[in-house]
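Trainee: just the structure for this:
(2 chains)
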Amino acid sequence: MLGNQIIFIVFSAMIVIFSILTVTSRRILRAAVFLLFVLIATSALYFMLNYQFLAAVQLTLYAGGIVVLIIFSVLLTSHIDEKFESPALLKKVYGAIAAIFGSILVITTLLNHPFVASTDVPKDVNMDLIGKSLISWGEQGYALPFELISILLLAAMIAAIVVAKKIKTK
Amino acid sequence: MNFNIYDFTSFNQWIDKLLYDNLPVFWAMIIEMTLIGVAFLLFYALVGLFLVYAERKVCAFIQNRVGPNRVGPYGIFQTFADFIKLLMKELIPINKADQFLFNLAPFIVIIASFMAIAAIPFGKGLHAIDFNIGVFYVMAVSSLGVIGVLLAGWSSNNKYSLIGAIRSGAQIVSYELSVGMSLVTIVILAGSMQLSTIVEAQRNGWFIFTGHVPAFIAFLIFIIASTAETNRGPFDLAEAESELTAGYHTEYSGIKFAFFFLAEYMNMFIVASIAATIFWGGWMPFHLGPLFGEWTTGFNIIMDYIPPFFWYMGKTMVVIFIMMWFKWTFPRLRIDQLLKLEWKYLLPINLFNIILMALVVLMGWHF
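Mentor: Numbers count the residues shown, from 1 in each chain, chains lettered A, B, ... in the order given. Here you go, the predicted model:
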């Protein structure tokens, strides 16, 4: 188990360090790249858990999709010399207080929860099952949320087209 | 030890057993991972060098020239000489560039292609990781490569690089859809995303034959869209040398440029191997199904005498040749033509094709 532990420590250290760098970096594109590293390390944790489907979803949606969109919009809007100014001291203090309270809340909850290690053999994720439950409506079926999300996305896409479309002025 | 060129499974198990018997589990695992990594690096270097040579020879052949012919017989050592030259070139630092991202970008591009190649089956037992979501995994990791291109373009602080990067981003994000959907079409036919299962399912005929019409349409779309996804001509707008100098890697020199160059060729190789694996059966020899009668058994046995690795390489090289043929035949598209081709033609055809394939599978119209 030693190897697994070392790899886990490496990935979780990556997540912690790059998360901090994401919010402290003063250059917006670097922040986006650090966020990318956080997301990739998270998907690496899923790979460690043998949950390859979620890991691949994490890579396609977050790393390959959302980060690419963020980078793309930064490319179109900001210049390389631009740097954010450091926020005022008072804001920093408020932020620090909120962060400390938040982490105390999370850490105490984690420490108080009795985690029971499972001794089951890791199972393969059954892709047939995932596909079937996504479109079935009985027990364990996710047809309604699936369709609702599709409608939401469709509405968002149509809205984007309407916003982007040039209105003809005579 | 039992080395067999037709089936590497026992050879791999022999190495595995040797390591785990003599070393603690942790070190055995580390050594195995290092061995596989070194093997892939070696493979990368060889294939990269070969593809650059092949591209120049194919280009010369199509343009009725001789091509490289001075270094070694038929010029086969030309790319080795070029490679040594590239290694000795100066790494020019860019003063006004974002140094961190500028240096990071080539690595992202190359690591993305390195991750994708791990899941490709090269032969029976020659398969680094066999995920049960193989096809999806390859798509997921190959979508990371575009980030390197975007970062390279932006961090160079150069207008040509930036325009190249934005073009490349728009192009890859759109064509990824078509690549994914044409693969989904075949996943419907195969009923699995695991690459080893997909290869095994083509024992009695490759999917392009057993899936007939929809599989053939999917193959055409896959070849077009994946050529676009790898930024190769006629879709090489990101590095259109006549308008953008060299596009997103204008400012790169020496080994960093070589990384982009190598990644481009390796991406072509990966895409070609995916096409060969999904549509043409990967390492599976050409077999005739029981549909053709009794005599096919003899034919199939003769085909089995050619080792699977050569089948795999042969098919991949044919796909690569087709892609090179594309590049040196068609003129470059404009960006609006490029996006129109994807969103107005390929995507609707693809969506219709998925429904057609589902119908074919449901009605049992495939072989």
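
Trainee: secondary structure element for the closest residue to A:Leu45 other than its chain neighbours?
Mentor: Distances taken as C-beta to C-beta, 6 or more residues apart in numbering or on different chains put A:Phe11 closest to A:Leu45, at 5.5 Å, once the chain neighbours are dropped. Bear in mind the C-beta positions are built from the backbone N, C-alpha and C, glycine included. Element membership for A:Phe11 (DSSP states H and E) is helix A:2-24.

Trainee: give me the residues contacting that helix.
Mentor: Residues outside helix A:2-24 that contact it (C-beta atoms under 8 Å, 6 or more residues apart in numbering or on different chains) are A:30-31, A:34-35, A:37-38, A:41-42, A:44-45, A:48, B:25-26, B:29-30.

Trainee: quick one: average pLDDT of it?
Mentor: Helix A:2-24 comes out with an average pLDDT of 87.

Trainee: next, the buried residues of that helix.
Mentor: Under the neighbour-count criterion of 16 or more other C-beta atoms under 10 Å in any protein chain shown, helix A:2-24 has A:11, A:14-15, A:18, A:21-22 buried.

Trainee: as CSV, could you dump the C-alpha coordinates of that helix?
Mentor: Extracted in CSV, the C-alpha atoms of helix A:2-24 (Å, rounded to 0.1, in the frame of the first residue of the first chain):
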residue,chain,number,x,y,z
LEU,A,2,3.1,2.2,0.4
GLY,A,3,3.1,3.1,-3.3
ASN,A,4,-0.5,4.1,-3.3
GLN,A,5,0.0,6.3,-0.3
ILE,A,6,2.9,8.1,-1.9
ILE,A,7,1.0,8.7,-5.1
PHE,A,8,-2.1,9.9,-3.1
ILE,A,9,0.1,12.3,-1.1
VAL,A,10,1.6,13.7,-4.3
PHE,A,11,-1.7,14.3,-5.9
SER,A,12,-3.4,15.8,-2.9
ALA,A,13,-0.4,18.1,-2.3
MET,A,14,-0.7,19.2,-6.0
ILE,A,15,-4.4,19.9,-5.4
VAL,A,16,-3.7,22.0,-2.2
ILE,A,17,-0.7,23.9,-3.6
PHE,A,18,-2.3,24.7,-7.0
SER,A,19,-5.6,25.7,-5.4
ILE,A,20,-3.8,28.3,-3.3
LEU,A,21,-1.8,29.5,-6.3
THR,A,22,-5.0,29.8,-8.3
VAL,A,23,-6.4,32.4,-6.0
THR,A,24,-3.2,34.2,-5.2
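
Trainee: what's the PyMOL line that selects buried ones from the contacts of helix A:2-24?
Mentor: Entered in PyMOL, the line below selects the buried ones among the contacts of helix A:2-24, by 16+ other C-beta under 10 Å:
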select buried, (chain A and resi 30+31+34+35+37+38+41+42+44+45) or (chain B and resi 29)
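
Trainee: tell me the one among the contacts of helix A:2-24 nearest to B:Tyr312.
Mentor: B:Met29 (27.3 Å; C-beta to C-beta).

Trainee: could you find the closest non-adjacent residue to the closest one?
Mentor: In space, B:Met29 comes closest to A:Gly3 once its chain neighbours are excluded; the distance is 5.3 Å by C-beta to C-beta, 6+ apart.

Trainee: how close does the one you found get to B:Ile31?
Mentor: Going from A:Gly3 to B:Ile31 by C-beta to C-beta, to the nearest Å gives 11 Å.

Trainee: could you do B:Gly180 as well?
Mentor: B:Gly180 sits at a distance of 36 Å from B:Ile31 (criterion: C-beta to C-beta).

Trainee: next: A:Thr22.
Mentor: 35 Å.

Trainee: low-confidence ranges in chain B?
Mentor: Low-confidence segments of chain B, defined by pLDDT under 70: B:1-5.

Trainee: how about the residues of it near chain A?
Mentor: Contact residues (C-beta under 8 Å from any C-beta of the partner chain) of chain B with chain A: B:25-26, B:29-30, B:96-98, B:100-101, B:104, B:131-133, B:136-137, B:139-141, B:143-144, B:146-147, B:150-151, B:153-155, B:157, B:162, B:165-166, B:169, B:173, B:176, B:192-193.

Trainee: mind giving me the ChimeraX select for the residues you listed, buried ones only?
Mentor: In ChimeraX, a selection of the buried entries from those looks like this (16+ other C-beta under 10 Å):
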select /B:29,97,98,101,104,131,132,133,136,137,139,140,141,143,144,146,147,150,151,153,154,155,157,162,165,166,169,173,176,192,193
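
Trainee: out of the residues of chain B next to chain A, list just those in helices.
Mentor: Within these, residues falling in helices by DSSP state H are B:25-26, B:29-30, B:100-101, B:104, B:136-137, B:139-141, B:146-147, B:150-151, B:153-155, B:162, B:165-166, B:169, B:173, B:176.

Trainee: what kind of secondary structure is A:Trp137 in?
Mentor: Put simply, A:Trp137 is coil when judged by DSSP: H, G, I helix; E, B strand; the rest coil.

Trainee: which ones are touching A:Gln140?
Mentor: A:Gln140 is in contact with A:Ser133, counting by C-beta under 8 Å, 6+ apart.

Trainee: quick check, pLDDT for it.
Mentor: pLDDT at A:Gln140 comes out at 76.

Trainee: and it, how far from A:Lys92?
Mentor: To A:Lys92, A:Gln140 is 48 Å away according to C-beta to C-beta.

Trainee: quickly list the domain ranges of chain A.
Mentor: The record assigns chain A these domain ranges, following automatic domain parsing: A:2-125, A:126-170.

Trainee: most tightly packed of those?
Mentor: Ranked by average neighbour count under the criterion mean count of other C-beta atoms under 10 Å in any protein chain shown, the domains of chain A are headed by domain A:2-125 at a mean of 14.

Trainee: so how far does stretch B:360-367 reach from one end to the other?
Mentor: For stretch B:360-367, the first-to-last residue distance is 10 Å (C-alpha to C-alpha, to the nearest Å).

Trainee: and for stretch B:330-349?
Mentor: One end of stretch B:330-349 sits 22 Å from the other (C-alpha to C-alpha).

Trainee: pick out the residue of chain B closest to chain A.
Mentor: B:Ser143 (3.2 Å; C-beta to the nearest C-beta).

Trainee: may I have the residues that are in contact with that residue?
Mentor: Contact analysis of B:Ser143 by C-beta under 8 Å, 6+ apart lists A:59-60, A:63-65, A:68, B:172, B:176.

Trainee: elements contacting the helix or strand of chain A with the lowest mean pLDDT?
Mentor: When the helices and strands of chain A are compared on mean pLDDT, DSSP states H and E, helix A:127-134 comes out lowest with a mean of 80. If you count contacts as 3 or more C-beta pairs under 8 Å, 6 or more residues apart in numbering or on different chains; DSSP states H and E, helix A:127-134 packs onto no helix or strand.

Trainee: which outside residues touch the host helix or strand of B:Lys340?
Mentor: Following DSSP H and E, the helix or strand that holds B:Lys340 is helix B:335-340. For helix B:335-340, contacts defined as C-beta under 8 Å, 6+ apart pick out B:167, B:170-171, B:174, B:228, B:235, B:237.

Trainee: which parts of chain A are helices?
Mentor: Counting by DSSP H, the helices of chain A are A:2-24, A:28-48, A:52-57, A:67-77, A:89-112, A:127-134, A:143-164.

Trainee: does the third one come close to chain B?
Mentor: Yes: for helix A:52-57 and chain B, the contact criterion (C-beta under 8 Å from any C-beta) is met by A:52-53, A:56-57.

Trainee: which ones are touching B:Leu91?
Mentor: Shown in contact with B:Leu91 (C-beta under 8 Å, 6+ apart): B:253-256.

Trainee: among those, name the ones in strands.
Mentor: Among those, DSSP state E puts none in strands.

Trainee: filter the residues you listed to the buried ones?
Mentor: The neighbour count (16+ other C-beta under 10 Å) marks B:253, B:256 as buried among these.

Trainee: farthest pair in the contacts of B:Leu91?
Mentor: The distance between the two most remote of those (C-beta to C-beta) is 8.5 Å, for B:Ser253 and B:Ile255.
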